[in-house]
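**Student:** Could you work out the structure for the sequence below:
(4 chains)
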There are 4 protein chains.
Amino acid sequence: MTTTVEKKSFEATLSEIAAFVEKHIYPLEHTFLQDGFGAVLPQLKELRKKVKAKGLFVPQMSKDVGGMGLSNYEHGQVSEILARTPLGHYAFNCQAPDAGNMEVLHQYGTDLQQEHLLKPLIAGDIRSCFAMTEPEHAGSNPTIMSTVATKDGDDYIINGHKWFTTAFDGSSFTIVMAVTNPDAEVPHERASMIIVPSDAEGLVHVRRIKIVGEEGEDHHSHSEIKFVNCRVPQRNLLGVEGKGFAIAQQRLGPGRIHHCMRWIGICERSFDLMCERAATRELSPGVPLASRQTIQNWIAESRAEINASRLMVLEAAKKIDEEGSKAARQEISLIKFYVADVLMRVVDRSMQTHGALGITEDTLLSFWYRHERGARIYDGADEVHKSVVARQIMKGYGVKI
Amino acid sequence: MTTTVEKKSFEATLSEIAAFVEKHIYPLEHTFLQDGFGAVLPQLKELRKKVKAKGLFVPQMSKDVGGMGLSNYEHGQVSEILARTPLGHYAFNCQAPDAGNMEVLHQYGTDLQQEHLLKPLIAGDIRSCFAMTEPEHAGSNPTIMSTVATKDGDDYIINGHKWFTTAFDGSSFTIVMAVTNPDAEVPHERASMIIVPSDAEGLVHVRRIKIVGEEGEDHHSHSEIKFVNCRVPQRNLLGVEGKGFAIAQQRLGPGRIHHCMRWIGICERSFDLMCERAATRELSPGVPLASRQTIQNWIAESRAEINASRLMVLEAAKKIDEEGSKAARQEISLIKFYVADVLMRVVDRSMQTHGALGITEDTLLSFWYRHERGARIYDGADEVHKSVVARQIMKGYGVKI
Amino acid sequence: MTTTVEKKSFEATLSEIAAFVEKHIYPLEHTFLQDGFGAVLPQLKELRKKVKAKGLFVPQMSKDVGGMGLSNYEHGQVSEILARTPLGHYAFNCQAPDAGNMEVLHQYGTDLQQEHLLKPLIAGDIRSCFAMTEPEHAGSNPTIMSTVATKDGDDYIINGHKWFTTAFDGSSFTIVMAVTNPDAEVPHERASMIIVPSDAEGLVHVRRIKIVGEEGEDHHSHSEIKFVNCRVPQRNLLGVEGKGFAIAQQRLGPGRIHHCMRWIGICERSFDLMCERAATRELSPGVPLASRQTIQNWIAESRAEINASRLMVLEAAKKIDEEGSKAARQEISLIKFYVADVLMRVVDRSMQTHGALGITEDTLLSFWYRHERGARIYDGADEVHKSVVARQIMKGYGVKI
Amino acid sequence: MTTTVEKKSFEATLSEIAAFVEKHIYPLEHTFLQDGFGAVLPQLKELRKKVKAKGLFVPQMSKDVGGMGLSNYEHGQVSEILARTPLGHYAFNCQAPDAGNMEVLHQYGTDLQQEHLLKPLIAGDIRSCFAMTEPEHAGSNPTIMSTVATKDGDDYIINGHKWFTTAFDGSSFTIVMAVTNPDAEVPHERASMIIVPSDAEGLVHVRRIKIVGEEGEDHHSHSEIKFVNCRVPQRNLLGVEGKGFAIAQQRLGPGRIHHCMRWIGICERSFDLMCERAATRELSPGVPLASRQTIQNWIAESRAEINASRLMVLEAAKKIDEEGSKAARQEISLIKFYVADVLMRVVDRSMQTHGALGITEDTLLSFWYRHERGARIYDGADEVHKSVVARQIMKGYGVKI
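**Tutor:** I've put the predicted structure just below:
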């Protein structure tokens, strides 16, 4: 249980992070927006040293491996602050998908894997990625999967086609979900996670996919890849064979908390930009845009929706911390679609408030408008989560749908 | 600070209230819907005795006057449970406007007023009402008011026109807001609260106003009244002369919490009715309505919105408890429009799920659909609250609008 | 094809009707709202004489039986004007369900039926009703029906339970849909329409159903009825046995046009009330409500949506006139849900613009808000029509859903 | 008046254009999306020859200058078809802003201007642009403008800052709006249109602005430019001095029709993609996405909204053709915000239906999602048009707001 002293100290940490982000990362945004992630990478690497020096690096990891040992409830709040800028999570080394991979390696990795992969990941020396989604199959049922890993001697030979492999470009290794036990009775016990060096023979980089107009690069990119008779030793298995989905599931709960808190951070920054614009743009001398009732409505509605989002997400985080991901399944699905919707609306209102400026890349709004459109799709589309919630509730009424 | 023991005990109280409401009050609803409030009044009076016997009567009042001494945070939760039925608050004697009047009399009433008005109100022996809104003036600026009370000897002579005087029908006294100090520089210091016996000469009952189709009766009614040279002694002044708005303001903060929690109670019951219907109505043998994705969407969206509402309202209640109404002004405005909107949507979805049945009075939905439409209007229209929020936020950006 | 002269003359007729409605029917509204349909019935009967004298009575019927011989396209426009007041259609004797019944009798009735039922209906001497919906079955599949008519000698013996039998109260006869051919292979060929005198033995009037708070009376009511061994001669069959749905289907296409045009009439009047209120209600001296941008948004959005609705409905009407109901099936489903939605939104905005006044019955808005809530449910719920449209469109993509 | 023969022939033309677009332009889209406008420019230039050969080039211009002499009503329909692909208008040489510039030059240009500018524009040999919007001023009041043209001998010297100068990149000349008569009493009579060669000294190209993530190139780009003591002869004035706004206004009415019809074309293509996806994507073997009711809702709602949009826009076009732009001012404002809203919703639903694929650039949806976000902003933001409509309607109620 958190004591009052600890609570104060955590709040001080949040303020420290906020100040750091504003002071050191905001100034990089213009270059990032105009010239891309690569253009700010050198500075980001310098900033990472500062973050480490402050003891704020990899905040999500436990203290024994060098992190801050935060609960989901706490890390959610950190994540919100970092998300005020598209570069925040990277600077603190808690960016997706590395954060999730660190978690999984920490929990399931062999000593060797921890030594050679987890350690440098935590240190920020390498990056990783996670290959699950396949272009040929609907994301709503991930057990329908074509990628297979068949055994050959001490190796796996992997064949398959993946896309939306975030941050493959520049990564050291890829954790791939592949069917290893096609005959398992339960569909959820057919696949495993296997670690593949990103430069392995047979791991073909097809392209960085343009996402709503932008190809991106390095950590800020999403790739299409192919496994063509890609051979890796069986010791590259992560955790137990056939337990790929079980591991993924565990990762998804907290992962969705972090996504949602990230979205809230984006909302807060967008909200701030909207208010700033409303205060400073003049319709005629002395008459600010904020005098228009439509703008006032947007400000009030956004404020309500962001507040609602944060309360719900933190509530869900607390439940995960206290009762585990499974117990919080309904809460997690609720926030997934609710907050994604709020995100799109707040960003959109802020864009509209900015007029022509809003659709340029001179503010962050246009970046988020396009880059975050996927929020309603990845990790379970809105529509899927709604049905999940309804199904669970209906059970309480004696109906199986 | 609430201890764990107290928390447990409070939760037990909530369960007790919920069980009581479900067991004793739900069975009266059908008669209420078909035949009106008067038809269930005798049973309600009997139930009040049971509630008293359990020590749950007037839960909102402090213990010294016989209440449960609940904080806003706690009473909000009680209020939600009572609101699952249109008759709950009355049974527990915490119905508007009596609850607000008790509060005001408790805080500002003279000994005489407390003895002769507050005591029987708390005992549930009499009812009262509150006359503020005027048909000729927009509610958005209550200081524009035509009702005046002029001094004549030891009396006030009151003239004016009020409507939406809830529960005037059958009340013992009316607290009327009237201009007593027309020349006060600050508009908010011109009016006072004056107590008028409801049967006073010159207090004319024009009509019970039909609200979205129903005139109602007794406590479930809203009247139009006129003051025509209505004379009352000056000792009927409530509190200090010219401080009518200050008193009203203080009353409004918690009042809005209670409204919002009441709406959430209505949402929860409507939600339950929707799920029950979805589970039991068959589209064809063995295929429940719940199998339709649109219904699933409504269930999930409603769940999210109700959860969000409760978290926001309880957060605001806590702030009022800890920092006072004034500090929580923004939170109060936010929940006022946010929850009113959720209320209308949840009730509407539940109606639609019920098909033709939903527009009959065979369920509560139709009653709430019409009776609660005012939620977006009274105590400040949505639009007014949104502007209030925006104005306050814009101050933080250095702009006065 | 309509000539220019005819077009002019039709427009003159529309103006004449509009002037009549405004001059003679609007003045009855206040009494109608406060005291019910019965209170204005005597005046309405007087007005019917005037309408007859002008040659505008039963405008929807062909000229040979005394009507105006209007196309659906034309009658739709008449219907819109009449709908500006809740009493318009009755005054012109084109109210539901009589209008539909006249049509059906005209097309399928035997000479005897035409003489004894159609003639007095057209003359406005009697009223009728139509009993189809059953409380136990979802409206989305009307072929699932429990009411049966079994043959016994020359009679049918009818048993069943119906509700939402509009205007049963005071009607002379009821057209009931009942299963006569339970063994027909095609479910749509199992039921027939049978005429039952409303005072027949075994036709039990259970109640006038309260619809969103109001029971109504006479033509303005909706009843629950039961058939208990109700015996009628087999010559009371309407049309061919087993063709009940075929006849109903034919009636529904134009019926939906008329509903939609009626809703547009309600929208126009609500819009006018909103603008009038915005123009005359002052927020402070000289500052009308119309100065608020939110109100401006509502005015503009409502204008766009009403215009869109009318264009779509008239387009559908033209298609029915030219190609028949079946060809226009998609258009009819589209307007059914689109216009019902616009209706609810426009009425709601107008109510909100009226503030507290909007929820009283001092304007028509509150009446429509509650009385028209059924628009999204009867004649096929929104959700059903949307699926119908999607299904039809998907056929064009080679998919049967 | 259009005869039936002409109507048939026009419909044949529409079909011909549709077939051409589908056959010749659709195949270029993939390359356009992946590699940009420049990559398909050579093929487009070839296609233009084919279009010319068919007599379909510059369809919007009158026959005397080589166009098809279409009314707004007719060209709207052509425009819709061309808009099914982002490359359609260019192929037919009726792309903005050249189309508007041709119109203006045709109507107001001197013989010299017509010979040297209009002729090659119509021939498709050169391109042009139009510089009006300024970054420092809100678009809602264009008369607040900082760009000035002062006279110096026979020249104008222009100074100012413009952005969103569409297609400056690669253009031969720019029509710039600049204040020439700062002392004119009426603000709308202070500015003129002046023609400036795009390579003139003092016309500085600051950048192609990234619009929602993409800089674009050539005709598919929007530039920021500066005029720094840019000198042009006074004979470059277009029309009468001080009449810049009058000319612009005339151009805007039809311009908005074309925008709206273009958006409808985008809607239709997006709708088609949505249906195609719903039909072919399988949730499990044999169960298409179209079986989900949410998708069905989107299909039905989109169909209704697109139909409504087209009817409204064509109605407005007809009004412009028959009564002029000024008479159709309200209709034009209505469609501007109504159709822009429908556009965003239809594209968004289609994206969501495509899941992960929808946010890649492997379909057109992502391109439109980002590229058309400006629709709610340019040529008058939604909010401005709504107020314009409300203001005009309120005049009819005797109120000036």
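
**Student:** Tell me, how many residues neighbour A:N229?
**Tutor:** Counted with other CB atoms under 10 Å in any protein chain shown, the neighbours of A:N229 add up to 11. C-betas here are computed from N, CA, C, even on glycine.

**Student:** show me what contacts the closest residue to it other than its chain neighbours?
**Tutor:** Leaving out its chain neighbours, the residue that sits closest to A:N229 by CB to CB, 6 or more residues apart in numbering or on different chains is A:G202, at 5.1 Å. Counting by CB atoms under 8 Å, 6 or more residues apart in numbering or on different chains, A:G202 touches A:158, A:227-231.

**Student:** Buried ones only from those, please, as a PyMOL command.
**Tutor:** Buried residues among the contacts of A:G202 (16 or more other CB atoms under 10 Å in any protein chain shown), as a PyMOL selection:
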select buried, chain A and resi 158+227+230+231
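
**Student:** Now secondary structure and pLDDT too, for the contacts of A:G202, in a markdown table please.
**Tutor:** Conversion of those to a markdown table gives the following (DSSP: H, G, I helix; E, B strand; the rest coil; pLDDT from 0 to 100):
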| residue | secondary structure | pLDDT |
| --- | --- | --- |
| A:I158 | strand | 98 |
| A:F227 | strand | 98 |
| A:V228 | strand | 98 |
| A:N229 | strand | 98 |
| A:C230 | strand | 98 |
| A:R231 | strand | 98 |
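
**Student:** Closest to chain B out of the contacts of A:G202?
**Tutor:** Of all the contacts of A:G202, chain B sits closest to A:F227, with 35.0 Å by CB to the nearest CB.

**Student:** Secondary structure class of A:I225, three-state.
**Tutor:** Of the three states, A:I225 takes strand under DSSP: H, G, I helix; E, B strand; the rest coil.

**Student:** isn't it right next to A:G160, touching?
**Tutor:** No. With contact defined as CB atoms under 8 Å, A:I225 does not reach A:G160; the gap is 9.1 Å.

**Student:** In which helix or strand does A:S146 reside?
**Tutor:** For A:S146, there is no host helix or strand (DSSP states H and E).

**Student:** I'd guessed it sits against A:P135; true?
**Tutor:** No. Counting by CB under 8 Å, A:P135 is not a contact partner of A:S146; they are 9.8 Å apart.

**Student:** Name the residues contacting each of those two.
**Tutor:** Counting by CB under 8 Å, 6+ apart, the shared contacts of A:S146 and A:P135 are A:H161.

**Student:** ok, back up a step: A:R231 versus the residue nearest to A:N229, what's the distance?
**Tutor:** Between A:G202 and A:R231 the distance is 6 Å, computed by CB to CB, to the nearest Å.

**Student:** Common neighbours of these two, please.
**Tutor:** A:I158.

**Student:** Give me every residue in chain A lying close to chain C.
**Tutor:** A:292-294, A:297 (CB under 8 Å from any CB of the partner chain).

**Student:** Reformat the residues you listed as TSV; add distance to chain D, pLDDT and secondary structure.
**Tutor:** Below are the residues of chain A next to chain C laid out as TSV (distance: CB to the nearest CB, whole Å; pLDDT from 0 to 100; DSSP: H, G, I helix; E, B strand; the rest coil):
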residue	distance to chain D	pLDDT	secondary structure
A:R292	7	97	coil
A:Q293	10	98	helix
A:T294	5	98	helix
A:N297	10	98	helix
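
**Student:** ok, and of the residues you listed, which contact chain B?
**Tutor:** Contacts with chain B within the residues of chain A next to chain C, counted by CB under 8 Å from any CB: A:293, A:297.

**Student:** From the residues of chain A next to chain C, pick the one nearest chain C.
**Tutor:** Using CB to the nearest CB, the residues of chain A next to chain C come closest to chain C at A:Q293, 3.8 Å.

**Student:** For A:F130, which residues are in contact?
**Tutor:** Going by CB under 8 Å, 6+ apart, A:F130 touches A:97, A:100-101, A:165-166, A:174-175.

**Student:** does stretch A:246-261 come close to chain B?
**Tutor:** No. Contact of stretch A:246-261 with chain B (CB under 8 Å from any CB) is absent, the minimum separation being 12.0 Å.

**Student:** Could you list the buried residues of that stretch?
**Tutor:** Using 16+ other CB under 10 Å as the test for burial, stretch A:246-261 gives A:246-248, A:250-261.

**Student:** Same question for stretch A:165-182.
**Tutor:** A:165-181.

**Student:** Also stretch A:20-34?
**Tutor:** Buried residues in stretch A:20-34, defined by neighbour count with 16+ other CB under 10 Å: A:20-21, A:24-25, A:28-29, A:32-33.

**Student:** for the spatially closest residue to A:P59 that is not a sequence neighbour, helix, strand, or coil?
**Tutor:** Distances taken as CB to CB, 6+ apart put A:M68 closest to A:P59, at 4.2 Å, once the chain neighbours are dropped. Put simply, A:M68 is coil when judged by three-state DSSP.

**Student:** how far away is A:M68 from B:I320?
**Tutor:** Going from A:M68 to B:I320 by CB to CB gives 34 Å.

**Student:** Those two: which is more packed in?
**Tutor:** Set A:M68 next to B:I320 and count neighbours by other CB under 10 Å: B:I320 wins out with 23 against 20.

**Student:** Tell me which residues touch that one, please.
**Tutor:** Neighbouring residues of B:I320 by CB under 8 Å, 6+ apart: B:72, B:253-254, B:257, B:327-328, B:332.

**Student:** so it, which of the three states?
**Tutor:** helix.

**Student:** Give me the pLDDT value at it.
**Tutor:** In this model, B:I320 is scored at 95, pLDDT.

**Student:** what pLDDT does A:L238 get?
**Tutor:** A:L238 is assigned 97 on the pLDDT scale.

**Student:** need the contact list for it.
**Tutor:** By CB under 8 Å, 6+ apart, A:L238 lies in contact with A:104-105, A:108-109, A:113, A:175, A:192-195, A:247.

**Student:** Ramachandran angles for it?
**Tutor:** Torsion angles at A:L238 (phi, psi; degrees, to the nearest 10) stand at phi -110, psi 120.

**Student:** how near is it to chain B?
**Tutor:** Separation of A:L238 from chain B (CB to the nearest CB, to the nearest Å): 33 Å.

**Student:** Tell me where the model's unsure across the stretch 1-150 of chain A.
**Tutor:** A:1-8 (pLDDT under 70).

**Student:** burial measure for A:S309, as a count.
**Tutor:** A:S309 has 27 neighbouring residues, counting by other CB under 10 Å.

**Student:** now the one 10 residues further on
**Tutor:** Using other CB under 10 Å, the number of residues around A:K319 comes to 21.

**Student:** count of neighbours near the closest residue to it other than its chain neighbours?
**Tutor:** On the basis of CB to CB, 6+ apart, the spatially nearest residue to A:K319 that is not a chain neighbour turns out to be A:A328, at 4.0 Å. Neighbour count of A:A328, defined by other CB under 10 Å: 25.
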